[in-house]
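> sharing a model prediction with you, sequence too.
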There are 2 protein chains.
Amino acid sequence: MALIVQKYGGTSVGTIERIMAVAEKVKARQASGDQVVVVVSAMSGETNRLIALAGEIDGNPDPREMDVLVSTGEQVTIALLSLALQKLGSPARSYTGGQVHILTDSAHSKARIQDIDGARVMADLNAGRVVVVAGFQGVDERGNITTLGRGGSDTTAVAMAAALKADECQIYTDVDGVYTTDPRVEPKARRLSRITFEEMLEMASLGSKVLQIRAVEFAGKYNVPLRVLSSFEEGEGTLITFEEESMEQAKISGIAFSRDEAKLSILGVPDQPGVAHKILKAIADQNIEVDMIVQNIAADEATTDFSFTVHRNDFNKAVDILHRTSEELGARDVMSDDTIIKLSLVGVGMRSHAGIASRMFETLANEGINIRMISTSEIKISVVIDEKYLELGVRALHEAFDLDENKTA
Amino acid sequence: MALIVQKYGGTSVGTIERIMAVAEKVKARQASGDQVVVVVSAMSGETNRLIALAGEIDGNPDPREMDVLVSTGEQVTIALLSLALQKLGSPARSYTGGQVHILTDSAHSKARIQDIDGARVMADLNAGRVVVVAGFQGVDERGNITTLGRGGSDTTAVAMAAALKADECQIYTDVDGVYTTDPRVEPKARRLSRITFEEMLEMASLGSKVLQIRAVEFAGKYNVPLRVLSSFEEGEGTLITFEEESMEQAKISGIAFSRDEAKLSILGVPDQPGVAHKILKAIADQNIEVDMIVQNIAADEATTDFSFTVHRNDFNKAVDILHRTSEELGARDVMSDDTIIKLSLVGVGMRSHAGIASRMFETLANEGINIRMISTSEIKISVVIDEKYLELGVRALHEAFDLDENKTA
């Protein structure tokens, strides 16, 4: 007998018919002898409906009251799913975040889970019940309703699995697993049966938006085995595991990319201590997040060139700030480009395999793709290229690193 | 400075526009120097929408889960009204029933309030905030969400007023007060500026459905002055007070009536101890509520005639049961009639005034209205008459007892 936490997102519970289908899936799991906790999101569209109601009143509503408002979305779903399970003859009981003491900090709309009291849930499980928990929400120390931010239901599921020491946390979504890259860009993309947490973090943050980053971090921190599956199709999905468990790790797990990038450079900055700090502080002060950062000694060796990428939404603001910083620092020039994308090769295997980077650069060169920026980490190599080369670059690398569907995992 | 609890029903908060109007009213009250707690219902239609969702799953849904489901309706309203108040510059904070510890028993969908912890609310009031509380809901000892049943928001408001020792509990509704009778039947009906709790209880139970009976009982028990006002019009409404406070009490406060009645009689029952019990037990065992009960010695003095009224919905069932009882007891006959109505004269003043009953019967006789059944209490005289005489009877009594609008209160 295993203890399984399953999470179903808004699309999976978007209609009464789909809620009934989820109930069937949960019931089948329980009938196979497992204990099941189900974490659910609001029915798709419901959260937006509630936000729109608030928007009619105030364009900049109080976060505390917004949390009171939007948390009703999941509360509706837990009641309906519990009723559906009962209708199928499965004893079930629903709990809001507050009722199972999902204790968070008080950062309304982006709260972080601090503790979960699993005792009540365990009592229900041991009494043979399915426990249905509202995702995305908790309470702070003073009993105020908080929410974890959009997509936070994944985090609730993982945190619940950690608190209950569950055998597996299963995230049901509208894709049937994690792919080597986006199948819309490379139709030969292959579903991975396993991926490590570290790789998943890199894939998630780079735009393979299967799972909330925070949920993956949480799972890694508490050693919760995480599985991504489809709500609508049968299949084993992708298991996200610890590296040690991954027996036959391929060198490269996948290719992630992000279209939301824009690149800025400040050239010929007099090279003195604290320059990087001054440049980035001005950006950070405006709450602009910086992604890749690259610094090089310039040709004249007395100055330096400094480049970084930001989200395209922040591009114009960042350019303005950088021009001011450039004047202050006496830099030679500012260059900016919002027609670039970031493309990343991800794989735990690259740690122990030399030559991955050079093969990557060679592959791109063979296709005539100019690399504008390079940044590497232990399990990832990212390059910035012109956006028009995105599909070409992804397909070329997918083939070069043996990721195509007809190859072995 | 007074502490006022205001309650706004579903129609009063049915749209964002109306919620803004309620916020204006509340703000004005606070600006006049009072502390204000607002209790709100779900936006009109919302509770029915939620019930319909559950109905798609199960025609006989689990009451615990139904309470989890429908309690979201009020939770949405408290958030929106708090946002509206904040938008107008009034600091406001919302609380669910659970958050202010409206402790109830565990009778889901018809729970009774046992205790309210007003400390948190008082702290907010003393900090200059308006406190917005979800009506209709509470939690039991184990933290399960409960609801008080339809219309229970009135009860929440009164209980909150009692717990906070509020100076007045104001129930805003779509009528502007309690009338001497239904203005749709007697256009000369007059709004009462005051009415006693006892009279209000009789008026409410007889079909003047301005307030929940339970709320009125609660207000009486805890000496909470209750005022009924219109959400949509200005005016003083009707204050429901204790008898002692009522300075110039008229003999008669109003005329209530109920169209939902049906009359059953069992005639010529051998008169022996326990007959009344046997007749009514068979009815009660089928969960049929009995209203008026009248027993007379029959002409032959060895048998008795026994009559009672039930709700028209239960009429056919009650007739069947009574026929069986009649055979068992060896009664002579059963008579039944579902074309009758009940008409009641209500007034604390009648206690100390003889001749009210005879004037009532005389008035009806003068109009040719035959009285089928009579029942009296300390502050009420009820008669059963043919339903076709309802309007005629109400108007005749309204005039006979000086209730018309041009008369003094």
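Received the coordinates, thanks.
> can you name the residue of the stretch 251-400 of chain A nearest chain B?
For the stretch 251-400 of chain A and chain B, the shortest gap (Cβ to the nearest Cβ) falls at residue A:287, measuring 23.6 Å. No exception for glycine: its C-beta is placed from N, CA and C like everyone else's.
> report the secondary structure state of that residue.
On the three-state scheme (DSSP: H, G, I helix; E, B strand; the rest coil), residue A:287 is labelled coil.
> tell me which stretches of the stretch 201-350 of chain A form helices.
A:213-221, A:275-284, A:315-329 (DSSP state H, counting those that start in this stretch).
> can I assume residue A:85 sits in a helix?
Yes. Counting by three-state DSSP, one finds residue A:85 located in a helix.
> I'd like to know how far the closest residue to it other than its chain neighbours sits from residue B:65.
Nearest residue to residue A:85 in three dimensions, chain neighbours excluded: residue A:92, at 3.7 Å (Cβ to Cβ, 6 or more residues apart in numbering or on different chains). Look at residue A:92 and residue B:65: by Cβ to Cβ, to the nearest Å, they are 8 Å apart.
> same question for residue A:111.
In terms of Cβ to Cβ, residue A:111 sits 26 Å off from residue B:65.
> same thing with residue A:143?
23 Å.
> so between these two, which is more surrounded?
The neighbour comparison of residue A:143 against residue B:65 (other Cβ atoms under 10 Å in any protein chain shown) goes to residue B:65, with 27 against 14.
> quick check: phi and psi at the more buried one.
phi -70, psi -30 (degrees, to the nearest 10).
> just to revisit the earlier point, need the winner for burial among the helices of the stretch 201-350 of chain A.
helix A:213-221 (a mean of 21; mean count of other Cβ atoms under 10 Å in any protein chain shown).
> so what touches that one?
Here helix A:213-221 makes contact (Cβ atoms under 8 Å, 6 or more residues apart in numbering or on different chains) with A:113, A:148, A:151-152, A:154-155, A:157-159, A:161-162, A:169, A:171, A:197-198, A:200-201, A:204-205, A:224-226, A:240, A:242.
> what mean pLDDT does it have?
For helix A:213-221, mean pLDDT is 83.
> just give me how far that helix sits from the chain centre.
9 Å (Cα atoms, centre = their mean, to the nearest Å).
> could you export that helix as CSV, CA atoms only?
Extracted C-alpha coordinates of helix A:213-221, given in CSV (Å, rounded to 0.1, in the frame of the first residue of the first chain):
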residue,chain,number,x,y,z
ILE,A,213,9.6,26.0,-10.3
ARG,A,214,8.9,26.4,-6.6
ALA,A,215,7.1,23.0,-6.5
VAL,A,216,10.2,21.3,-8.1
GLU,A,217,12.5,23.0,-5.6
PHE,A,218,10.3,22.0,-2.8
ALA,A,219,10.2,18.4,-4.0
GLY,A,220,14.0,18.4,-4.3
LYS,A,221,14.4,19.8,-0.8
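> now the residue lying farthest from the centre of chain A. Nearest residue, chain neighbours left out?
With Cα atoms, centre = their mean as the measure, chain A has its most outlying C-alpha, relative to the mean C-alpha position, at residue A:300: 41.7 Å. What sits nearest to residue A:300 in space, not counting adjacent residues and going by Cβ to Cβ, 6+ apart, is residue A:268, at 7.6 Å.
> how long is stretch A:347-365 end to end?
By Cα to Cα, to the nearest Å, the extent of stretch A:347-365 from end to end equals 21 Å.
> hmm, I was thinking of stretch A:364-381
13 Å.
> average pLDDT for that stretch?
Across stretch A:364-381, pLDDT averages out at 88.
> and it, what's buried?
Neighbour-count burial for stretch A:364-381 flags A:364, A:369, A:371-373, A:375, A:379-381 (criterion: 16 or more other Cβ atoms under 10 Å in any protein chain shown).
> if I look at the closest residue to residue A:387 other than its chain neighbours, how far off is residue A:394?
Once flanking residues are discounted, residue A:387 sits nearest to residue A:341: 4.6 Å by Cβ to Cβ, 6+ apart. Distance, residue A:341 to residue A:394, by Cβ to Cβ: 10 Å.
> pull up the overlap in contacts between the two.
residue A:257.
> you'd agree residue A:168 is up against residue A:6?
No. Under the criterion of Cβ atoms under 8 Å, residue A:168 is not in contact with residue A:6, lying 9.1 Å apart.
> neighbour count winner among the two?
Between residue A:168 and residue A:6, residue A:6 has the larger neighbour count (other Cβ under 10 Å), namely 28 against 16.
> nearest spatial neighbour of residue A:293, chain-adjacent residues omitted?
Closest to residue A:293 by Cβ to Cβ, 6+ apart is residue A:308, at 4.7 Å.
> check contacts around that neighbour.
So residue A:308 contacts A:263-264, A:280, A:283, A:290-294 (Cβ under 8 Å, 6+ apart).
> what about the closest residue to residue A:14 other than its chain neighbours, how many residues nearby?
Once flanking residues are discounted, residue A:14 sits nearest to residue A:44: 3.9 Å by Cβ to Cβ, 6+ apart. Residues lying near residue A:44 (other Cβ under 10 Å) number 16.
> same thing with the one 10 residues further on?
When neighbours are counted by other Cβ under 10 Å, residue A:54 registers 21.
> and it, how far from residue B:84?
10 Å.
> repeat that for residue A:271.
56 Å.
> where does the stretch 101-250 of chain A have low pLDDT?
A:150-151, A:204-210, A:243-250 (pLDDT under 70).
> for the stretch 251-400 of chain A, same thing?
A:298-299, A:352-354.
> so which residues on it come close to chain B?
Contact residues (Cβ under 8 Å from any Cβ of the partner chain) of the stretch 251-400 of chain A with chain B: there are none.
> excluding its backbone neighbours, what's nearest the residue in the stretch 201-350 of chain A that chain B sits nearest to?
Distances between the stretch 201-350 of chain A and chain B by Cβ to the nearest Cβ are smallest at residue A:231, namely 18.0 Å. Leaving aside its chain neighbours, residue A:231 sits nearest to residue A:12 (3.8 Å; criterion: Cβ to Cβ, 6+ apart).
> which residues touch that neighbour?
A:18, A:22, A:172-174, A:231-232.
> can I assume residue A:381 is in contact with residue A:342?
No. With contact defined as Cβ under 8 Å, residue A:381 does not count as touching residue A:342 (11.0 Å).
> coming back round to it: residue A:271 and residue B:84: which is more packed in?
Between residue A:271 and residue B:84, residue B:84 has the larger neighbour count (other Cβ under 10 Å), namely 29 against 16.
> so what's the more buried one scoring on pLDDT?
pLDDT for residue B:84: 98.
> that one against residue B:18, yeah?
No. Applying Cβ under 8 Å, one finds residue B:84 not in contact with residue B:18, separated by 9.9 Å.
> hmm, back to that, okay if I get the contacts of residue A:12 as CSV plus secondary structure?
CSV is the format used below for these (three-state DSSP):
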residue, secondary structure
A:18, helix
A:22, helix
A:172, strand
A:173, strand
A:174, coil
A:231, coil
A:232, coil
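> most neighbours among those residues, please name it.
That'd be residue A:172 among the contacts of residue A:12, by other Cβ under 10 Å, with 25 neighbours.
> OK, contacts around it?
Residue A:172 neighbours (Cβ under 8 Å, 6+ apart): A:6-9, A:12, A:22, A:25, A:229-231.
> between those, which sits nearest chain B?
Using Cβ to the nearest Cβ, these come closest to chain B at residue A:22, 11.7 Å.
> tally of neighbours for residue A:45?
12.
> how far away is the closest residue to it other than its chain neighbours from residue A:76?
Of all residues not flanking residue A:45 in the chain, residue A:14 sits nearest, at 7.1 Å (Cβ to Cβ, 6+ apart). The gap separating residue A:14 from residue A:76 is 12 Å, by Cβ to Cβ.
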